[in-house]
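Make a model of this:
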Amino acid sequence: MTSIFVKSEFAPLKRVVLAQSEFAFAAVNNGVDDEFLTAESLELYKGVDIDGKNYKDIFPERQQAWQEERANLKKVLEKYGVEVLLPRMLTDYEKELGHADGYSNFFTRDPFFTVGNMLIEGSLRFPHRRNEILPVRNILVEEANKHRCLYVSTPKPDISLGHDSEEGPFLEGGDVLVLDKTIYVGNSGLASNSNGVQWLKNLTNNFGYEVIEVPLHHTILHLDCALSIVREGLIIACEEAFLNGIPEQFKHWDKINVTLEQASHLATNGLPINDHVYITDYEFDFIGAALETRGIKVEYIDFKISRSFGGSFRCSTQPLLRNE
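Numbers count the residues shown, from 1 in each chain. As a prediction, the model looks like this:
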C-alpha cells in the first residue's frame, strides 16, 4: 500500500509532517497579520522593537514554551502510533532572503497539502510565507521518489499587477478539507482565492473529485478556523463564519457550535487522530466535554503560543497518510 494517501480529515492518521517553530518579523511592519493575530499577541508586540528581528531573540522564554508545545504534540501523536516527520530548519541564506518581509517556518498545513495520493504544493498569499515550502520540500521529494503518488505544485502567484496583486492563484492547505471524493476550499479573501479553487478543480476533476468553494467571513483566515470534521456525522463549526451557510452536506450533521470570537482563538482547529480520538487545547474544554459525551476521547495540550501566531493543531500538521 502507498504511504501517501489522505481519505478524509478523520481517517486514521498514520504519517504526518509536524511544524518547526521559526519566525521573524518584517523589517518594516505592514500590518498584514493584524486581522487574525490574537489580542494577546498584538498587546505583546506593542511598544517593542520587533522590526526585522527573530522571535526567539525578543521573546526567548516564549520561544522555549512554543517549542515545548510542538514537542508535546509530537509525544501525543507518537503515543497513538503516528510516524512524525520534521521539516529542516531555515538556512542563514533563507533568513537573509526573507529579511524585508519577514520569514516563517511555523505551520506545515499551508505550504502543501495531500488529497488522495496527490502531494500538492500550495501558493501562499502573504509574501513572508511564500518560501515556507522550502524547508519541507526535501520531504516531499523523498516521499515522491519512494512512494506511488502524484507530486505537483500550484502556479506561482501572478504579480503582473504589482506586489499585492489579487490574481494569484492562491491556494493554502488550511483552506482545504477532504471528505472522501469531496474537497472543500475556503475563501475569505485572506488566503485562498477563486483562481486557486479553479486550478484545484481543473486538477482533481481528472481523478473523480468534486471541489466546493466555501465563502467565509472576512476575519476568518482559513476554512479550518471555522470547521472541523470530527467523524462521519459530527462537526465543530462556527456558523457565523459561513457567508452562504454551512455547506449542504453538513447541514443535518450533529454540530458542536462555536462563536466567531471563539473561532478567532482557533476553537475549531483541533486535530482528529482518528474518528474516536481528538486533540484540542485546554482553552476549549467545553468542546472537549461535548466530544466526550459523544464517545470521543480527548487529548488536551496547551497550545497558547502556537495559537498566538494564528494557527493551532491542524495548522501545525500536514498528513501524508490518513487511511483505513
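
Only C-alpha atoms from now on, for both contacts and neighbour counts.
OK.

Would you map the strands across the stretch 51-200 of the chain?
Assigned by DSSP state E, counting those that start in this stretch, the stretch 51-200 of the chain shows strands spanning 83-85, 103-105, 112-115, 118-121, 150-153, 176-179, 182-187.

any idea of the pLDDT on N30?
Looking at N30, its pLDDT reads 61.

hmm, back to that, and the strands of the stretch 51-200 of the chain, which one is worst for confidence?
Out of these, strand 103-105 stands lowest, with a mean of 94 (criterion: mean pLDDT).

Show me what counts as buried in it.
By 16 or more other C-alpha atoms under 10 Å, the buried positions in strand 103-105 come out as Y103, S104, N105.

What is the nearest of these to C315?
Nearest to C315 out of the buried residues of strand 103-105 is N105 (C-alpha to C-alpha; 11.8 Å).

For G288, which of the strands of the stretch 51-200 of the chain is the nearest?
That would be strand 176-179 among the strands of the stretch 51-200 of the chain, by C-alpha to C-alpha, at 21.2 Å.

Let me see the residues that make contact with that closest one.
Residues outside strand 176-179 that contact it (C-alpha atoms under 8 Å, 6 or more residues apart in numbering): V6, K7, S8, E9, F113, V115, I183, Y184, V185, G186, L223, D224.

let's go with 7 Å and repeat that
For strand 176-179, the surrounding residues in contact (C-alpha atoms under 7 Å, 6 or more residues apart in numbering) are K7, S8, E9, V115, I183, Y184, V185, G186.

swap in stretch 311-320?
Residues outside stretch 311-320 that contact it (C-alpha under 7 Å, 6+ apart): 4-6, 15-19, 107-109, 113-114, 174, 266, 269-271, 303, 306.

ok, L140 - contacts?
The contact partners of L140, taken as C-alpha under 7 Å, 6+ apart, number zero.

any idea how far it lies from I4?
Distance, L140 to I4, by C-alpha to C-alpha, to the nearest Å: 10 Å.

How about N187, nearest residue that isn't a chain neighbour?
Spatially, and ignoring its direct neighbours in sequence, N187 is nearest to P215 (4.9 Å; C-alpha to C-alpha, 6 or more residues apart in numbering).

In which helix or strand does the one you found reside?
Using DSSP states H and E, the element containing P215 is strand 210-215.

got it, and V298?
If you go by DSSP H and E, V298 is part of strand 297-300.

counting contacts, what elements does that strand pack onto?
strand 277-280 (3 or more C-alpha pairs under 7 Å, 6 or more residues apart in numbering; DSSP states H and E).

any idea of the mean pLDDT in the helix or strand where A289 lies?
Take DSSP H and E as the rule and A289 turns out to sit in helix 285-292. The pLDDT scores in helix 285-292 average 98.

next one: that helix to chain centre, how far?
Offset of helix 285-292 from its chain centre (C-alpha atoms, centre = their mean, to the nearest Å): 22 Å.

Please identify the buried residues of it?
Residues of helix 285-292 classed as buried by neighbour count (16+ other C-alpha under 10 Å): I287, G288, A290, L291.

ok, now stretch 306-324?
306-323.

now the end-to-end length of stretch 239-253.
Using C-alpha to C-alpha, the two ends of stretch 239-253 sit 13 Å apart.

what's the answer for stretch 117-129, then?
End residues of stretch 117-129 are separated by 25 Å (C-alpha to C-alpha).

neighbouring contacts of that stretch?
The contact list for stretch 117-129, computed with C-alpha under 7 Å, 6+ apart, reads 4-6, 98, 101-104, 110-114, 130, 149-157, 169-173, 191.

tell me how far the longest helix anywhere in the chain is from the chain's mean position?
Using DSSP state H, we find that the single longest helix of the chain is helix 60-79. Offset of helix 60-79 from its chain centre (C-alpha atoms, centre = their mean): 17 Å.

now stretch 113-120
Worked out by C-alpha atoms, centre = their mean, stretch 113-120 lies 14 Å from the chain centre.

V16 in helix, strand or coil?
Of the three states, V16 takes strand under DSSP: H, G, I helix; E, B strand; the rest coil.
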